[in-house]
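Novice: structure of the sequence below:
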Amino acid sequence: MVIVLVVIHVAVSFGMLGLVLLHSGKGGGLSDMFGGGMGAAAQGSTVVEKNLDRITVVAAVIFIFTSLALGLLMSTPA
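Specialist: The predicted structure is shown next:
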């Protein structure tokens with residue numbers, strides 16, 4: 001059980017690293033390659049940016065739950 005949680009936790013950690021790097025900052029980012037651009041900046045968030053936000057939030061929630069679960073499993077004596 002613990003090994004499965006550790007594998008999920010590590011996979012989500014690397015996934016979040018990539019997702020955060022895909023987000024556009026003030027000057028644009030890698031997400032502009034997939035449908036963003038100067039015209040979209042005036043219109044607000046693009047569909048790609050909204051979906052990237054949603055995926056990042058889901059990954060963050062999974063990361064939080066695996067962190068808590070691992071903390072609880074490791075703190076209890078065997």
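
Novice: next SSE downstream of the helix or strand of the chain with the lowest mean pLDDT?
Specialist: The least trusted helix or strand in the chain, going by mean pLDDT, DSSP states H and E, turns out to be helix 38-43, with a mean of 52. Next along the chain after helix 38-43, taking DSSP states H and E as the criterion, comes helix 47-75.

Novice: what comes up buried for that following helix?
Specialist: For helix 47-75, the buried set under the neighbour-count rule, 16 or more other C-beta atoms under 10 Å, comprises Val48, Glu49, Leu52, Thr56, Ala59, Ile62, Phe63, Thr66. Where you see a C-beta, it was placed from the backbone N, CA and C, and this is true even at glycine.

Novice: can I get those in a markdown table with distance to Val10 and pLDDT?
Specialist: Shown next, in a markdown table, are the buried residues of helix 47-75 (distance: C-beta to C-beta, whole Å; pLDDT from 0 to 100):
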| residue | distance to Val10 | pLDDT |
| --- | --- | --- |
| Val48 | 27 | 86 |
| Glu49 | 27 | 86 |
| Leu52 | 21 | 92 |
| Thr56 | 17 | 95 |
| Ala59 | 13 | 97 |
| Ile62 | 12 | 97 |
| Phe63 | 10 | 97 |
| Thr66 | 9 | 97 |
